[in-house]
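# Test case, fold it:
(2 chains)
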Amino acid sequence: MEEKRHTSIQYEKELQKVKDSLIYMAALVEQAIAKDVEALLRKDSLLAEKVMEEDDQIDALDVEIEEKCIRLLALRQPAARDLRFITTAIKINGHLERIGDMASNIAEKIIILNEEPQLKPYIDMPRMAEIARSMIRESIDSFVREDIVLANKVRKDDEIIDNLNEQIFRELLTYMMEDPRSIHRAMIITQISKNLERISDHAKGIADMVVYMVTGESVRHEEPAD
Amino acid sequence: MRRSLFFKIFGTYLAIIAVSFSVLSLFIRDEMKKVMTDQIRDQLLTYAELVDLSSTATIAGQIPQIARISGARVTLIDAEGKVLADSEKKSEELENHLNRPEIRESRLKGKGHAIRYSTSAAVDMLYVAVPVKNGQDTTGYVRLARPLHDVHDTIKSIYNSFLLTMLIVAVLSIIIALLFAHRLAAPIEAMERFTERLRRGDTSGTIFINTSDETKTLADNINYLVEELNSKIHIANEESSKLVTAFASMTEGVMILDAADRIEVVNRAMNNILALRFGDVTGKTLIEVSRSVDLQRAFLTYKQTREPVSREITLGSRQPVVLTVSISGIQGDKGSEKTMIVFHDITRLKKLEQVRVDFVANVTHEIRTPLTAILGYLETLREGAIEKPDEARKFIDIILKHAGRLNRLVEDLLTISKIELGEVKINFENTSLADALNNVLPLIEPKAKLKNIAITNLVGEKAPQIKADRDRLAQIFVNVLDNAVKFTPENGKVSVDAKEANGYIVTTISDTGIGIPKEEIERLGERFYRVDKNRSRELGGTGLGLSIVKHLMIAHGGKMEITSQLGQGTKVALYFPLAKV
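Reported below is the predicted structural model:
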């Protein structure tokens, strides 16, 4: 992007500020997911509580970014590219806020899970979380670099998560059928997995918006091309 | 186009010469004309006054004579203006002359003159008239006229020679002006060329001007300034190259952010630390390239307080890098303060710290386990078990076993610390590998037999000699072989072989044991590191064996390499330097 296209340096700064805040917010939600995984593997309920507390920060950022964007829309009356950037930023902001909420949900479930003995070794869930995290990271990378190739990769990675989610569910089903006492724990694990799956949906949503921002075409309801 | 100094000076000279000459010529021309005309007029008037002494009648008869003497046209006019006689024309043809300017003037002042273009003669004529008087009465006028063309001719010839002189003088003065202007402008032009070259960055050479006026001083000053400039540039270059080298080669990562918080420059170490995924980072913001919440928070803290901030942060998730980050300001003009961030990679330090912490924890744990057992059985004995010889014997055996383990542990720890402190002396001597193995194998074989493990020694008597300490060598082999037997299930195989490679004798001890996961191999030399903690302890290991081997191999100038396949077996390769014959 040619950065010198704006006559007003102040305007330029405000746009960059929105961008930086979004990156910061993405880093926060990424961190929240990483902490979720750590709390799960180490059975660290305190860490999980911390994730829930830190969601307030993400919510505050959500409000702040939205206000900034609306002010930009009202005062600068952006056109074309800038308009697409700001509307995309508003959408990404919403997605990130939802991801933050889900990370907080997962933390809540982990606390419940930690009160009972471990049902099975957690292998697929950390993997899922890792993929979801890299999807968030890459979707934000694609936003920063305006990289459609990367955005499309994120849109395709969503399938991997969907498959993992189903796999976890099938596996848990066998546990539940074998031993009814495991049902409670299995249900909670399913919920965590479902939350991770939705996080990846939101990451895909961000990637969709990046494609829109760069090309001007809406691909939200299309399957990613191979 | 630029008007050069030379042309300015020369042009001014030229203008002065031209103006003065033209003013002079105009002035002289008019003055000459006036003087000559006056002279002719006075001459004619003298003639006319002579004529006027006679009466009108006598004059009429004398006209041709008067005309001849005076060289002028003579006209006699009566008081009414009628022409009575004329020396060149017939009087009847001429009109009344009473209103001619010269006649009018003579009537009023006694004599008159006029210069007029004469239509009859087609030339400028000078007319002079005086009244002829009879007592008080004017009876007529005598008019003398002479054409002025001879005056014109004279003036012209004089004027021509004057012009020629002027031209010669002009040429001469132009030449002088040229020389003078050149002399004045040349040094200035030389300085101009020199300074122009300076401006383009070429500061070599000096300027030499051979004058004794102000330009010389100016040139000397310029030379002095250039010299100063050169030495300043030299100093600055040296300073900046020092800084650049330091900046590029320092192990700490340095990042400088401009007033708008965008990255202005990073050094090489910084690039390595961030393992940047963004290619060129200049112009990007900190959060854009680091994606680190902690770093951004530290930065925001600095921005708010403007006080230097120092934090410990971890970057990256797969291969975390622990960094101490110092953020401080670079002084600048108000509103353009830059920020400098220095990153110091302390991952290794952190790891070492962790190893030390682990070591203390491990040692305590390792000592506590047998101690607890010993204390427990001793208490049981005191509580009365000592009275029952059968039980007492059993308990004492257990106590002995644990005490033995404690002893081994302490001995191993001592060995390791001695090796690390360099207190272990390695008595290098030419040693036969085969002998060393033959001494060690009988110690291991009983254990192997219990698990029905076959030990194959493929090292022949002819194997080359190595440089090693015999006792330490035995210690190495015992440790490695013991491990091999320990971690090989029943009916397995252990084999020992040796071959020469790259100046080393490589002894390999392979087993068909449980193997080691790939990611754990690297950590095997660490103290108390165990792949399977419970199992190893069950087998009576102290967790120090391989660590001792590793250190002893290094002390021998060799190394230990472990390759393994999970479930298939492990191969330990010991590299000994060849003995010099």
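# Please, which helix or strand holds residue 167?
The chain I'm using is chain A. Following DSSP states H and E, one finds A:Gln167 within helix A:148-178.
# Not quite, go with chain B.
Counting by DSSP H and E, B:Leu167 is found in helix B:149-199.
# what's the model's confidence in that helix, averaged?
The average of the pLDDT scores along helix B:149-199 is 81.
# Check which helices and strands it sits against.
Applying 3 or more C-beta pairs under 8 Å, 6 or more residues apart in numbering or on different chains; DSSP states H and E, we find helix B:149-199 packed against helix B:5-51, strand B:123-134, helix B:214-249. C-betas here are computed from N, CA, C, even on glycine.
# Pull out the buried positions in the second one.
Taking 16 or more other C-beta atoms under 10 Å in any protein chain shown as the basis for neighbour counts, the residues of strand B:123-134 that come out buried are B:Met125, B:Leu126, B:Tyr127, B:Val128, B:Ala129, B:Val130, B:Pro131, B:Val132.
# Quick one: list the elements packing against the helix holding A:Gln167.
Contact partners of helix A:148-178 among helices and strands, from 3+ C-beta pairs under 8 Å, 6+ apart: helix A:124-145, helix A:183-215.
# Could you tell me the model confidence score at the spatially most central residue of chain A?
Centroid-nearest residue in chain A: A:Ile99, 4.3 Å away (criterion: C-alpha atoms, centre = their mean). pLDDT, the model's per-residue confidence, is 94 for A:Ile99.
# pretty sure it contacts A:Leu28?
No - counting by C-beta atoms under 8 Å, A:Ile99 sits too far from A:Leu28 to count as a contact (9.7 Å).
# what helix or strand is B:Asn96 on?
Using DSSP H and E, no helix or strand contains B:Asn96.
# Can you report how many residues lie near residue 64?
Just going to use chain A. Neighbour count of A:Glu64, defined by other C-beta atoms under 10 Å in any protein chain shown: 14.
# meant chain B, my bad for not saying
Using other C-beta under 10 Å, B:Pro64 has 12 other residues around it.
# so it, which of the three states?
helix (DSSP: H, G, I helix; E, B strand; the rest coil).
# what's the residue lying closest to it once chain neighbours are set aside in contact with, if anything?
Spatial nearest neighbour of B:Pro64, excluding adjacent residues (C-beta to C-beta, 6 or more residues apart in numbering or on different chains): B:Ser87 at 6.1 Å. Contact analysis of B:Ser87 by C-beta atoms under 8 Å, 6 or more residues apart in numbering or on different chains lists B:Ile63, B:Pro64, B:Ile66, B:Ala67, B:Arg73, B:Val74, B:Thr75.
# want to try a markdown table for those, with pLDDT as columns?
Formatted as a markdown table, the contacts of B:Ser87 follow (pLDDT from 0 to 100):
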| residue | pLDDT |
| --- | --- |
| B:Ile63 | 78 |
| B:Pro64 | 80 |
| B:Ile66 | 79 |
| B:Ala67 | 80 |
| B:Arg73 | 82 |
| B:Val74 | 83 |
| B:Thr75 | 83 |
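# Kindly give a single PyMOL line that selects the buried subset of these.
Filtering the contacts of B:Ser87 down to the buried ones (16+ other C-beta under 10 Å) takes a single PyMOL command:
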select buried, chain B and resi 63+66+67+73+74+75
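# what's the closest of the contacts of B:Ser87 to chain A?
Nearest to chain A among the contacts of B:Ser87, counting by C-beta to the nearest C-beta, is B:Arg73 at 93.6 Å.
# Contact partners for the closest one?
So B:Arg73 contacts B:Ala67, B:Asp86, B:Ser87, B:Glu88, B:Leu144, B:Ala145, B:Arg146 (C-beta under 8 Å, 6+ apart).
# Repeat that for B:Pro577.
For B:Pro577, the contacting residues are B:Ile466, B:Lys467, B:Gly503, B:Tyr504, B:Ile505, B:His556, B:Gly557, B:Gly558, by C-beta under 8 Å, 6+ apart.
# Please apply the same query to B:Leu574.
Contacts of B:Leu574 by C-beta under 8 Å, 6+ apart are B:Ile476, B:Val480, B:Val506, B:Thr507, B:Thr508, B:Ile509, B:Val549, B:Met553, B:Gly558, B:Met560.
# now swap in B:Glu95 and tell me
B:Val83.
# Check the gap between it and chain A for me.
B:Glu95 sits 92 Å away from chain A, going by C-beta to the nearest C-beta, to the nearest Å.
# Report all helices and strands that the host helix or strand of B:Ala145 contacts.
Using DSSP H and E, B:Ala145 sits in strand B:137-147. Strand B:137-147 sits against helix B:5-51, helix B:56-70, strand B:73-78, helix B:101-109, strand B:123-134, with contacts defined as 3+ C-beta pairs under 8 Å, 6+ apart.
# mind showing which ranges of the chain have poor pLDDT?
Since you didn't name a chain, this refers to chain A. Applying pLDDT under 70 to chain A flags residues A:1-7, A:224-226.
# not what I meant, chain B
Using pLDDT under 70, chain B drops low at B:1-4, B:52-57, B:120-121, B:135, B:275-279, B:317-318, B:531-541, B:580-581.
# Would you confirm that A:Ile65 contacts A:Asp20?
No - in this structure, A:Ile65 is not within contact of A:Asp20 by C-beta under 8 Å, at 10.1 Å.
# between the helix or strand hosting B:Ile256 and helix B:214-249, what angle do the directions make?
Assigned by DSSP H and E, B:Ile256 falls within strand B:253-257. Between strand B:253-257 and helix B:214-249, the angle comes out at 130 degrees (axes from the mean of the first three to the mean of the last three C-alpha atoms, to 10 degrees).
# Would you give the sheet partners of strand B:253-257, along with the direction of each?
Using DSSP bridges, strand B:253-257 pairs in its sheet with strand B:263-266 (antiparallel), strand B:338-345 (antiparallel).
# got JSON lines for these, with distance to A:Arg198 and mean neighbour count too?
JSON lines is the format used below for those (distance: least, C-beta to C-beta, whole Å; neighbours: other C-beta atoms under 10 Å in any protein chain shown):
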{"stretch": "strand B:263-266", "distance to A:Arg198": "35", "mean neighbour count": "19"}
{"stretch": "strand B:338-345", "distance to A:Arg198": "36", "mean neighbour count": "20"}
